[in-house]
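>>> Fold the stuff below for me.
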Amino acid sequence: MTPHLFTSTSSSLPSTDRLAVARGLLAAQQSLARALGNHFMANTSLELLLELFIAHETGTALGAGDAIARLGPSPNVTWRWIMALEDDGLVMLGKDGRSGTLDITDRGLERIRNAIDTVATFG
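Got it, this is the predicted structure:
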């Protein structure tokens, strides 16, 4: 079964607010990883989904090789997370594998939007 890509869903936050929250979450995650050490703060799956959400919302592409090179504690760990997220139907790896693009699926968009909305309304 091939996941569908980029179908909008209804949500509680405007897309511009959600994009700002996603950028803030990603920046906070990366700042904590720098401060405490990546081995303490690695949350590769969340970083991947946030990066892909931001890419989707801004109309940019994320290459699998780029994600592997700069996210997670190591390239092998990031690759394993890409494979796990693909198995779960949240991301779709392009036909060129590691040298191709990485896309977020409808299911991935729904999950990360719900997570962002939850964080944005927390408190």
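
>>> count of residues packed around residue 63?
16 (other C-beta atoms under 10 Å). Bear in mind the C-beta positions are built from the backbone N, C-alpha and C, glycine included.

>>> Run through the residues that contact it.
99, 100, 101, 102 (C-beta atoms under 8 Å, 6 or more residues apart in numbering).

>>> Selecting buried members of the residues you listed in ChimeraX, what would you type?
A single ChimeraX command selects the buried members of the contacts of residue 63 (16 or more other C-beta atoms under 10 Å):
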select :101,102
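
>>> so what secondary structure elements neighbour the helix ranked longest in the chain?
Taking DSSP state H as the assignment, the helix of the chain that covers the most residues is helix 15-36. Other elements packing on helix 15-36 under the criterion 3 or more C-beta pairs under 8 Å, 6 or more residues apart in numbering; DSSP states H and E are helix 38-41, helix 44-58, helix 106-120.

>>> And the last one, what's buried?
Which is helix 106-120. Applying 16+ other C-beta under 10 Å to helix 106-120 flags 106, 107, 108, 109, 110, 111, 112, 113, 115, 116, 117, 120 as buried.

>>> so what's the fourth one scoring on pLDDT?
Here the pLDDT value assigned to residue 109 is 97.

>>> go on, residue 11?
Per-residue pLDDT puts residue 11 at 49.

>>> ok so, going back, please identify which of the helices and strands packed on helix 15-36 is closest to residue 81.
For the helices and strands packed on helix 15-36, the distance to residue 81 is smallest for helix 44-58, at 4.4 Å, taking C-beta to C-beta.

>>> for the closest residue to residue 47 other than its chain neighbours, what are its contacts?
Leaving out its chain neighbours, the residue that sits closest to residue 47 by C-beta to C-beta, 6 or more residues apart in numbering is residue 71, at 5.0 Å. Contact partners of residue 71, counting by C-beta under 8 Å, 6+ apart, are 44, 47, 48, 51, 78.
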